[in-house]
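A structural model of the following input is requested.
(chains A and B)
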Amino acid sequence: GQSLEQPSEVTAVEGAIVQINCTYQTSGFYGLSWYQQHDGGAPTFLSYNALDGLEETGRFSSFLSRSDSYGYLLLQELQMKDSASYFCALNTNAGKSTFGDGTTLTVKP
Amino acid sequence: NAGVTQTPKFQVLKTGQSMTLQCAQDMNHNSMYWYRQDPGMGLRLIYYSASEGTTDKGEVPNGYNVSRLNKREFSLRLESAAPSQTSVYFCASSVLREAFFGQGTRLTVV
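Numbers count the residues shown, from 1 in each chain, chains lettered A, B, ... in the order given. Next up is the predicted model:
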């Protein structure tokens, strides 16, 4: 089986940088994805790491270390609209994904 | 470009009733999925279909059945609804590393 752990809540101020961590246990996977979900909405894809290292997409970056079974999502220049839930997910065969329980990010002015 | 479309958006069922949740995608993706999301939790995979004509169980398949009608459509059926199936249901399709989700069906079983 697979499992992922994320902090349940994170709070930061507008303009700051925040890091959301994700640790996992798995017998094998292709990569680690990150999704954003606003309250009542559908999850939307943010980033994906197949290899160790940093992937940068605008204000969002994601990191993976397979040797440490660890990844994180880094959000820079936080905006109020970034207040949402963020999920990490392990991608296995056929694109099947196992999701963590999510981290609720609150951005304060 | 509609992406992934789910119907209905809201539904209230009585215990024991049956219903089918419909999902269609217009992105020509082979893989499609049904997830459920309970309050404060992540998405749990119910069933998935790697290609037209194939389906497989996910993490929480009990009480559900699916049909991959064609490449576009993937339906989820509750044969005898139970209060424990009260949840938000998301359909998704994927290509490579990215999944695209529908807007969800909010189901309440009373």
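
Bridging across strands, which residues link to B:Met32?
B:Ser49, B:Ser93 (DSSP bridges).

Run through the residues that contact it.
When contacts are counted by CB atoms under 8 Å, 6 or more residues apart in numbering or on different chains, B:Met32 touches B:23, B:25, B:48-49, B:68, B:74, B:91-94. Bear in mind the C-beta positions are built from the backbone N, C-alpha and C, glycine included.

Return the member of the residues you listed nearest to A:Val18.
Distances from the contacts of B:Met32 to A:Val18 were compared by CB to CB; the smallest belongs to B:Ala92, at 26.4 Å.

And what about the residue nearest the centre of chain B, helix, strand or coil?
Nearest to the mean C-alpha position of chain B, by CA atoms, centre = their mean, lies B:Trp34 at 3.2 Å. Following DSSP: H, G, I helix; E, B strand; the rest coil, we place B:Trp34 in the strand state.

what's the distance between it and chain A?
According to CB to the nearest CB, to the nearest Å, B:Trp34 stands 12 Å off from chain A.

Run the chain-centre distance for the helix or strand of chain A with the lowest mean pLDDT.
Across the helices and strands of chain A, mean pLDDT, DSSP states H and E gives its lowest value to strand A:97-99, namely a mean of 89. Strand A:97-99 sits 12 Å away from the centroid of its parent chain (CA atoms, centre = their mean, to the nearest Å).

between the contacts of B:Met32, which is nearest chain A?
B:Ser94 (4.4 Å; CB to the nearest CB).

wait, isn't the closest one in contact with B:His29?
Yes. Between B:Ser94 and B:His29 there is a contact at 6.0 Å, judged by CB atoms under 8 Å.

Comparing these two, which shows the higher neighbour count?
Higher neighbour count among B:Ser94 and B:His29: B:Ser94, with 25 against 20, using other CB atoms under 10 Å in any protein chain shown.

Next, the contact list for the more buried one, please.
Listed by CB under 8 Å, 6+ apart, the contact partners of B:Ser94 are A:95, B:29, B:31-33, B:100.

And B:Ser67, by the same measure?
Contacts of B:Ser67 (CB under 8 Å, 6+ apart): B:55, B:74-75, B:77.

got TSV for those residues, with secondary structure too?
Shown next, in TSV, are these (three-state DSSP):
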residue	secondary structure
B:Thr55	coil
B:Phe74	strand
B:Ser75	strand
B:Arg77	strand
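
Highest neighbour count among the residues you listed?
Ranked by neighbours (other CB under 10 Å), the contacts of B:Ser67 are led by B:Phe74, which has 28 neighbours.

Does that residue have any beta-bridge partners, and if so which?
As assigned using DSSP bridges, the partners bridged with B:Phe74 are B:Arg68.

list the contacts for it?
B:23-25, B:32-34, B:49, B:66-68, B:91, B:93.

and if you look at A:Lys108?
Per CB under 8 Å, 6+ apart, neighbours of A:Lys108: A:11-14.
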